[in-house]
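J.: Next input, structure requested:
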Amino acid sequence: MNLVLTALIATLGTWLLTALGAATVVFFKSPDRKAMNLMLGFASGVMIAASFWSLLQPAIERAEASESGLPAYFVATAGFLFGAVFMWASDKAVSLARGRADSAQGKPNERLNRIIMLVLSITLHNIPEGLAVGVAFGALKNSGLTGEGLMGAATIALGIGLQNFPEGAAVSVPLRREGCSRFRSFMIGQASGIVEPIAGVLGALLVVYVETILPYALSFAAGAMILVAVHELIPECQKDQSEQPYFATMGIIAGFAVMMLLDVMLG
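T.: Below is the predicted model:
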């Protein structure tokens, strides 16, 4: 239960960073685009590196050591693909709902539909991210509460938390543009991240009490994180870079290098 509590604390931290991002609507009319691009790039680099060294590599090692009889490459690949498909299906569901909302233009609920779809899309993204943090901390049951193990799990939480900061702003700022008050925009923006502590606790509980799913859960989280980083974060951070086209790219490289350094040095 200590690991579950640790996962809860870590995901409360990622939610707090979502709230801090949403709070930008209170202090600024619009967040600095250049800083957001750099932060998104750094977060995507951290997530890509964490997907291998902190999730896929341990998943392969645990699958090789298990007595399930399934080859490790099958376990890791199946979990990875399922995580990616889960995120793809979530995006498709949101896109379908958004398309139906857009078809209702001119109706009195058009503005409400846009707000609901915006919040839902960010909230759905936060579910596998919370699972990734919970799985990372729950996996420490077998490896022990070593310094390197805790650092690996903490760096995953840090990478996801850094990503959550601009996501919080991505919800609250458009809500403000839609006419919501600053306070209401902040409250809705921070609420989009509250699913992460719930998913984090669920992920930790599953791994702690059902050890056989650990390799699948680790690779599932990796697949979800890779899809979010490649499909959402990297394209977003590359926008509006006509003056400095490599600015956000250097953030990706820096984030990957930092995460790789920490994992290799401490692992």
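
J.: Every contact and neighbour count from this point should use C-alpha atoms.
T.: OK.

J.: Quick check: buried residues in stretch 240-251?
T.: Neighbour-count burial for stretch 240-251, counted by 16 or more other CA atoms under 10 Å, picks out 247-249, 251.

J.: again, but for stretch 52-68
T.: Buried residues in stretch 52-68 (16+ other CA under 10 Å): 52-60, 62-64.

J.: Could you list the low-confidence segments of the stretch 51-200 of the chain?
T.: 94-95, 97-118, 120-121, 124-125, 142-149, 174, 177-178 (pLDDT under 70).

J.: Format the buried residues of stretch 240-251 as TSV; extra columns: secondary structure and pLDDT.
T.: Shown next, in TSV, are the buried residues of stretch 240-251 (DSSP: H, G, I helix; E, B strand; the rest coil; pLDDT from 0 to 100):
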residue	secondary structure	pLDDT
247	helix	84
248	helix	86
249	helix	91
251	helix	88
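
J.: Out of these, which is nearest to residue 150?
T.: Nearest to residue 150 among the buried residues of stretch 240-251 is residue 251, at 24.6 Å by CA to CA.

J.: Would you agree that closest one is in contact with residue 35?
T.: No. Counting by CA atoms under 8 Å, residue 251 stays clear of residue 35, with 10.2 Å between them.

J.: what touches both of those two?
T.: Shared contacts of residue 251 and residue 35, defined by CA atoms under 8 Å, 6 or more residues apart in numbering, are absent.

J.: residues in contact with residue 58?
T.: Applying CA under 8 Å, 6+ apart, the residues near residue 58 are 215, 218.

J.: quick one: it from residue 43, how far?
T.: Taking CA to CA, to the nearest Å as the measure, residue 58 falls 21 Å from residue 43.

J.: Check residue 53 too.
T.: Here the criterion is CA to CA. By it, residue 53 lies 15 Å from residue 43.

J.: Next: residue 62.
T.: Counting by CA to CA - residue 62 and residue 43 are separated by 27 Å.

J.: could you list every residue that touches the residue nearest to residue 221 when sequence neighbours are not counted?
T.: Closest residue to residue 221 apart from its sequence neighbours, by CA to CA, 6 or more residues apart in numbering: residue 132 at 4.9 Å. Neighbour list for residue 132: 156, 200, 203, 218, 221-222 [criterion: CA under 8 Å, 6+ apart].

J.: now with 10 Å?
T.: Applying CA atoms under 10 Å, 6 or more residues apart in numbering to residue 132 gives the contacts 7, 11, 51, 55, 126, 138, 153, 156-157, 160, 196, 199-200, 203-204, 217-222, 224-225.

J.: Over to residue 16?
T.: When contacts are counted by CA under 10 Å, 6+ apart, residue 16 touches 10, 22, 161, 164-165, 168, 190, 193-194.

J.: Going by distance to residue 3, which of those residues wins?
T.: residue 10 (10.4 Å).

J.: so the closest one is in which element?
T.: helix 2-22 (DSSP states H and E).

J.: can you give me how far that helix is from the chain middle?
T.: How far helix 2-22 lies from its chain's middle: 12 Å, per CA atoms, centre = their mean, to the nearest Å.

J.: Going by neighbour count, which residues of that helix are buried?
T.: In helix 2-22, counting by 16+ other CA under 10 Å, buried: 3-8, 10-22.

J.: Who are the packing partners of the helix or strand following it?
T.: On the C-terminal side of helix 2-22, the nearest following helix or strand under DSSP H and E is helix 24-27. Where contact means 3 or more CA pairs under 10 Å, 6 or more residues apart in numbering; DSSP states H and E, helix 24-27 is packed against helix 147-177, helix 182-191.
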